[in-house]
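Asks: Using only what follows, build the 3D model:
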Amino acid sequence: MEGLIFYWISWMVWIMATFFMARTNKYRFLLSAWILCLVIMSPLTVNILNFEIGIAVLFLLASLYVFAGRLKKLSKLYFLFCTFILMMAYVTFHLFELFDPVWVIFSREWMLSVLMVYMAVLLQKNRMLRLPLILLGGIQGEFLYAFILKSFSFPYTIGSLAFLDIMAISISLSSLWIAVHWTVKYIEANFKHFEREKQKLS
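Replies: You can find the predicted model right below:
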C-alpha cells in the first residue's frame, strides 16, 4: 500500500515531537504542526499546467526554500549545488528503471533511498543539512522527471504517496546514520574520560 511507510514514520515523529520533546523547546509546536499539515495534505493533489502535483510536496518545497534562503551566502550556494546533483541522481535512477528495469533487483524504494542518503553523506559534511538536502533534491528530481515523461506523453503524479514513502525511508536512514555517529562520539568521549581518570588514580 503506497503511503503506508510515510504515514507510519510521520506519526512516530509527531508523537515524539508532541509528547516527548521538552515543552520549553521552541521548535516543539512548530515541528508538530508542520508534520500534521504534511500528513493532512498528503492525499490531496492539484492540477497545474497539466501536471498533477501533490499539495504536500508543494508545502514541502515552500518550507525547504524558506530554509535554504536563511542559510549564509556560501552555504546557500553549495547547498543548492548539492541539491542539483541529488536531483540528477534521482532522475537518472528513474530513467534507468524505466528503460532498463532488469538491474533493479531489490525494492526500488530502498535502492533509491540508500542512493540518496549515500550521496548526501558524500556531499554534505554538516549532518543536519543532509535531511533538507535529500528532500529538496528528491522533490526537484520529481519535477524534472515529470517534465521528461511529459515529452513521451506518460502520465505521472508529482509527489505521490509512493514518492513520500521514498523520502520517509531516506530521512529515516539519514537520521539513523546521525544517531549512530553521535552514539559513537559519546562512547569515545566517555572512554577517553575514563582512561584519563584511570591514569590519575594509578
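
Asks: just checking, what packs against the helix or strand of the chain with the lowest mean pLDDT?
Replies: Taking mean pLDDT, DSSP states H and E as the measure, the helices and strands of the chain show their lowest mean at helix 161-201, namely a mean of 80. Counting contacts by 3 or more Cβ pairs under 8 Å, 6 or more residues apart in numbering; DSSP states H and E, helix 161-201 packs against helix 4-15, strand 51-54, helix 55-69, helix 108-123, helix 130-151. Where C-beta positions appear, they are placed from N, C-alpha and C, glycine not excepted.

Asks: Give the buried residues for the third one.
Replies: Along helix 55-69, these residues count as buried under the neighbour rule (16 or more other Cβ atoms under 10 Å): 55, 56, 57, 58, 59, 60, 61, 63, 64, 68.

Asks: Among these, which one lies nearest to residue 112?
Replies: Compare each of the buried residues of helix 55-69 with residue 112 using Cβ to Cβ and the shortest gap goes to residue 57, at 16.0 Å.

Asks: Skipping adjacent residues, who's closest to the closest one in space?
Replies: In space, residue 57 comes closest to residue 159 once its chain neighbours are excluded; the distance is 2.7 Å by Cβ to Cβ, 6 or more residues apart in numbering.

Asks: ditto for residue 65
Replies: The shortest distance from residue 65 to any residue that is not its chain neighbour, by Cβ to Cβ, 6+ apart, is 7.9 Å, and that residue is residue 136.

Asks: so who does that neighbour touch?
Replies: The neighbours of residue 136, taking Cβ atoms under 8 Å, 6 or more residues apart in numbering as the test, are 61, 64, 65, 68, 83, 86.

Asks: The last one is in what secondary structure piece?
Replies: Meaning residue 86. Element membership for residue 86, per DSSP states H and E: helix 73-99.

Asks: Does anything pack onto that helix? Which helices or strands?
Replies: Under the contact definition 3+ Cβ pairs under 8 Å, 6+ apart, helix 73-99 sits against helix 55-69, helix 108-123, helix 130-151.

Asks: looking at those helices, which is closest to residue 173?
Replies: Nearest to residue 173, of all the helices and strands packed on helix 73-99, is helix 108-123, at 4.7 Å by Cβ to Cβ.
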